[in-house]
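> with the input below, show me the fold.
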Amino acid sequence: MATKIRLRRTGTTNDAHFRIVATDTRFPRDGRFIEVLGHYNPRLKGDDKLVVNAERVAHWIGKGAQISDAVRPLLKLKGVKLPMPAARRPRRSKAKTAAAPAAPAAAPAAPAKA
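Model (predicted):
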């Protein structure tokens, strides 16, 4: 099961609230989910704007859940430790990991023609 941590929209027209949920990627955005991990209300000020259960987020990340692009900055704002996205991880090139070929031995100097 491919799991993702993403936002689920709640509230009314012109008054959106969001829940941060762990869900299967096959479920619709506002459909079924596995667990509520927090909530976000963009209209509020202060600490009530964003509430996150960091322990449960870490649990789902440990199980392989991917974090959506909308949730990642919210979790950073709360100070949750996040793994680096796979697309941005530095890759080791094969040229650097392979042993460098040995330099050719210096050829003896040819006698000068006189």
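> which residue ranges of this protein form helices?
For the chain, the helices defined by DSSP state H occupy 54-62, 71-78, 94-97.
> check the average confidence over the shortest one, would you?
Across helix 94-97, the average pLDDT comes to 62.
> for Gly79, the count of nearby residues, please.
8 (other C-beta atoms under 10 Å). (Each C-beta comes from the backbone N, C-alpha and C, glycine too.)
> what do you get for Leu74?
Leu74: 19 neighbours (other C-beta under 10 Å).
> low pLDDT regions in the protein?
1, 84-91, 95-110, 114 (pLDDT under 70).
> ranges for the strands of it?
Taking DSSP state E to define them, one finds strands in the chain at 3-12, 15-24, 35-40, 50-52, 66-67.
> for the second one, packing partners?
Other helices and strands packing on strand 15-24, by 3 or more C-beta pairs under 8 Å, 6 or more residues apart in numbering; DSSP states H and E, are strand 3-12, strand 35-40, helix 54-62.
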